[in-house]
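Asks: Sequence first, then the predicted structure, then my questions.
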2 protein chains.
Amino acid sequence: MTEAQQHAVPEQDLEALLNDWSSKDVEQRAEIFRGLDRATAEDLFLKVHGHDQADLYCLLPVGDRKAWVRLLPPDDAADMIQELAEEERPYALNLLDGPTRMEVQGLMAYKEDVAGGLMNSRFARLRPDMTVDEALRYLREQTRAQVETIYYAYVLDRGQKLLGAVSLRELFSAPGYRKVSEIMASGDDVAFVRESQDQEEVTRIFANREHRALPVLDENGCMKGIITIDDIVHVVNEEATEDIQKMGGMEALDEPYFKISMFNMIKKRAGWLLALFIGEMFTATAMGFYEDEIAKAVVLALFVPLIISSGGNSGSQATTLVIRAMALGEVRLRDWWRVLGRELVAGLSLGVILGVVGVVRIMLWPARSTLYGPHYPLIAAAVGGSLVGIVLWGTIIGSTLPLLLRRLGFDPAAASAPFVATLVDVTGLVIYFTVASVILHGTLL
Amino acid sequence: MTEAQQHAVPEQDLEALLNDWSSKDVEQRAEIFRGLDRATAEDLFLKVHGHDQADLYCLLPVGDRKAWVRLLPPDDAADMIQELAEEERPYALNLLDGPTRMEVQGLMAYKEDVAGGLMNSRFARLRPDMTVDEALRYLREQTRAQVETIYYAYVLDRGQKLLGAVSLRELFSAPGYRKVSEIMASGDDVAFVRESQDQEEVTRIFANREHRALPVLDENGCMKGIITIDDIVHVVNEEATEDIQKMGGMEALDEPYFKISMFNMIKKRAGWLLALFIGEMFTATAMGFYEDEIAKAVVLALFVPLIISSGGNSGSQATTLVIRAMALGEVRLRDWWRVLGRELVAGLSLGVILGVVGVVRIMLWPARSTLYGPHYPLIAAAVGGSLVGIVLWGTIIGSTLPLLLRRLGFDPAAASAPFVATLVDVTGLVIYFTVASVILHGTLL
């Protein structure tokens, strides 16, 4: 959306509507939308995100759709059309005027999650031999055109190659007779992204630096479009939501909570839940191996949930930290050994802390001899020793699994807390019963 | 940082440096920083975040600090000084010139996580009776001043009350003789935030709408500063990181992974890990109540990890979904019943799916009679029935706990996957052994 479209209707009503929009369901939205006056309805349509625009578009009478679709700048039109059902798209494209249709089709050819899919193809272009005064006059003429911003202008040669960049502020502060080529930033001073660059990388470039707009270049250095920082806030939120949902042990929903259909939500949750369930079945198998030990010393079974959950919790912490640090670019693959070093120290410390608390709990429990039998100090030792090993183990698995997944080409965020917990549960049981067998051999076992 | 400061040094080297900055430790940073030429060092200093600026500041010879601190616009100076050790702050403040010191102290009075703590107090001001030409000339003079942006200008009366807002683009496209008051947006058309508004709310306003800058008002309607969207990307990431770390079952680190000291990292992880451990101890107590049942039917113990982890995993999914939807403003407190409705359906469906898989697994396992004894169909029924109950229960706890926490004034993100899992583990055991007692009464028990 261009700045010129701001402030067109009473902001307060629209603000309130927009604030609540994502928590409304389809019927409520339809009712509200149909009740709005045309100007407010258009402003709402322009301000909601692509998938919501697609929903509103479908509510419009077929004869009205052309006028509405033509309100959208090409990047928003491309986003909206991609959100329509496959069979609806050609109709929507045909409603656009010829040149816009070409642009929109060009944008739709990019995958949604690369720089090309984020950019606006309408940006302010200058020639290097213009004077500052000419450039300012030219930009002034662009205010009514649908360029994304006039505040950042790009200097191209006749082959569309990017020569330099200049902000309106810089033009404003330069003497009017100077040439644009003399005041523009050029060469290594101009930051840019490639059209095929992943949107997560693009957001990192915006987040780590103070850019407000970046040019998007193809492999020949020709400028294809512009990404402005206001497009990025939405993407940053979207990427965080995806990661958070994966880290919670499910597929990313890709739709707001109240908008996704129940069937799709269950599908996206059932897959991982089943996978984890099947993985967790190995705990029954592992427990089966120790059935005799449990029969001899039922007291051992009492601590199973406590011990394996501690491994899962420490693994959850470690995987969460590493996945997020990787998403922010703080941890890279080559940092593997540094991460492992830190987590060994952290895991061992945390394990010792929990182990000591566990031992104290058993040794000082009032009913310790009735509950745990006369050998309760040995039980305490077995529990404490296992806790050190399992917390350390959980921490190591949790911190290295995201790195391993990235190394293998998968999304590190798939190393969810429940996934790590499942891995650690099975191995944790083996650690526990092994430690217990050694310590209790000759007494309880 | 103002736009005028961009593009001052070879961008490529600096880009590479900035890209890696957060993955370097203190010694590496010091070495690199000291090896840079002055111009690049200054640019690096200007482009890194507040806490990194504070580190670099401490590396500077005491005699040089004044010149460096004066490079920073007031909002950045306030951020940096707040990141310094308490006793260092007065010295740093004293390095600023008088008027800037006043501004910086004013900004430091705000809490870091409210709108006032994000804003820049240097914005472009216009008078309502200026003509468009006068306004443009005036803004042109502002290009060298340290105003955050000249692209959005605010029209104030003599008492600093906000009368309206106008973009440079709108000024550019208006006839030069018109008055600013005639073309500015005013009244309800001007969106704003309050100085005390929480930064999470501010980011939501930017994310849901297409604002690129918002004025910050005090309770009397006087304008105190401006927040631009480039300040928001960092905050969005920061808020997501905090939520993610809390959801992983620890305190938010508030520092990059490789920067935080080992002691602090362990402290922030140990607190929750211990709390969860102590909560999880109730599983040992709960298991103690069923010691006789386990002694009679050891086979029951085999499925304990499988069953309680399924409750934890389904709870993790539900809590993750609801916490994130709340952070994005998709779910509000008043949606409690709608959430519960959806999660009842989802939880029941997921429980039935896992229950069926569990029953099939036991009924068709080759060694079922040796492992589970002659009553394996009853065991299967007990496991399947408990799974339905526990998955449903985990889903309900997971989805309502974040809402309950918000209701009580706590951060919903504290309803971490491990926290929910711990709650569900204890109650899950009770559900499992109760169901098993009913089904196996008269046979195994």
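Replies: Structure's in. What do you need?

Asks: Could you say which helix or strand holds the residue nearest to A:V426 when sequence neighbours are not counted?
Replies: Nearest non-adjacent residue to A:V426, counting by C-beta to C-beta, 6 or more residues apart in numbering or on different chains: A:F282, 4.6 Å away. C-betas here are computed from N, CA, C, even on glycine. For A:F282, the host element (DSSP states H and E) is helix A:262-289.

Asks: For that helix, enumerate the helices and strands it packs against.
Replies: helix A:417-440, helix B:299-302, helix B:304-327, helix B:336-364 (3 or more C-beta pairs under 8 Å, 6 or more residues apart in numbering or on different chains; DSSP states H and E).

Asks: Go ahead and measure how far the third one is from the middle of the chain.
Replies: This points to helix B:304-327. 20 Å (C-alpha atoms, centre = their mean, to the nearest Å).

Asks: can you tell if that helix touches chain A?
Replies: Yes: Helix B:304-327 comes into contact with chain A (C-beta under 8 Å from any C-beta of the partner chain), by way of B:304-306, B:308-310, B:312-314, B:316-317, B:319-325.

Asks: Can I get the worst-scoring helix or strand of chain A on mean pLDDT as PDB, trimmed to CA atoms?
Replies: Least confident helix or strand, chain A: helix A:11-21 with a mean of 70, by mean pLDDT, DSSP states H and E. The C-alpha coordinates for helix A:11-21 follow below in PDB (Å, rounded to 0.1, in the frame of the first residue of the first chain):
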ATOM      1  CA  GLU A  11      -9.300   6.000  11.600                       C
ATOM      2  CA  GLN A  12     -10.900   5.100  15.000                       C
ATOM      3  CA  ASP A  13     -13.700   3.000  13.700                       C
ATOM      4  CA  LEU A  14     -11.400   1.300  11.200                       C
ATOM      5  CA  GLU A  15      -8.700   0.800  13.800                       C
ATOM      6  CA  ALA A  16     -11.200  -0.900  16.000                       C
ATOM      7  CA  LEU A  17     -12.400  -3.100  13.200                       C
ATOM      8  CA  LEU A  18      -8.900  -4.000  12.100                       C
ATOM      9  CA  ASN A  19      -7.900  -4.700  15.700                       C
ATOM     10  CA  ASP A  20     -10.600  -7.300  16.000                       C
ATOM     11  CA  TRP A  21     -10.600  -8.600  12.400                       C
END
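
Asks: Report the buried residues of that helix.
Replies: By 16 or more other C-beta atoms under 10 Å in any protein chain shown, the buried positions in helix A:11-21 come out as A:11, A:14-15, A:17-19, A:21.

Asks: likewise stretch A:119-135?
Replies: In stretch A:119-135, counting by 16+ other C-beta under 10 Å, buried: A:119-124, A:126-127, A:130-132, A:135.

Asks: could I get these as a markdown table with distance to A:T241, pLDDT and secondary structure?
Replies: Below are those laid out as a markdown table (distance: C-beta to C-beta, whole Å; pLDDT from 0 to 100; DSSP: H, G, I helix; E, B strand; the rest coil):
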| residue | distance to A:T241 | pLDDT | secondary structure |
| --- | --- | --- | --- |
| A:M119 | 22 | 90 | coil |
| A:N120 | 23 | 87 | strand |
| A:S121 | 27 | 86 | coil |
| A:R122 | 29 | 87 | coil |
| A:F123 | 29 | 91 | coil |
| A:A124 | 33 | 92 | strand |
| A:L126 | 38 | 93 | strand |
| A:R127 | 42 | 93 | coil |
| A:M130 | 44 | 93 | coil |
| A:T131 | 47 | 95 | strand |
| A:V132 | 44 | 94 | helix |
| A:A135 | 41 | 93 | helix |
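
Asks: out of the residues you listed, what pair is the most spread apart?
Replies: Greatest spatial distance among the buried residues of stretch A:119-135 (C-beta to C-beta): A:M119 and A:T131, at 28.7 Å.

Asks: Could you break chain A into its assigned domains?
Replies: With domains defined by automatic domain parsing, chain A comprises A:3-109, A:124-231, A:262-440.

Asks: if I've got this straight, A:G164 is in a strand?
Replies: Yes: under DSSP: H, G, I helix; E, B strand; the rest coil, A:G164 sits within a strand.

Asks: Quick check: it touching A:K179?
Replies: No: applying C-beta atoms under 8 Å, one finds A:G164 not in contact with A:K179, separated by 11.0 Å.

Asks: number of nearby residues for A:P90?
Replies: Neighbourhood size, A:P90 [other C-beta atoms under 10 Å in any protein chain shown]: 10.

Asks: That one: which element?
Replies: Here A:P90 is assigned to helix A:89-94, by DSSP H and E.

Asks: repeat for A:G225
Replies: Going by DSSP H and E, A:G225 is part of strand A:223-228.

Asks: can you list contacts of that strand?
Replies: A:75, A:107, A:115-116, A:118-123, A:148-149, A:152, A:154, A:156, A:160-162, A:193, A:195, A:202, A:206, A:212-218 (C-beta atoms under 8 Å, 6 or more residues apart in numbering or on different chains).

Asks: Which ones, among these, also lie beside chain B?
Replies: A:206, A:212.

Asks: out of the contacts of strand A:223-228, which are buried?
Replies: Buried members of those, counted by 16+ other C-beta under 10 Å: A:75, A:107, A:115-116, A:118-123, A:148-149, A:152, A:154, A:156, A:162, A:193, A:195, A:202, A:206, A:212-217.

Asks: Show only the entries of those found in strands.
Replies: Judged by DSSP state E, the buried ones among the contacts of strand A:223-228 include A:152, A:154, A:156, A:162, A:193, A:213-217 as members of strands.

Asks: I'm done for today, thanks for sticking with me.
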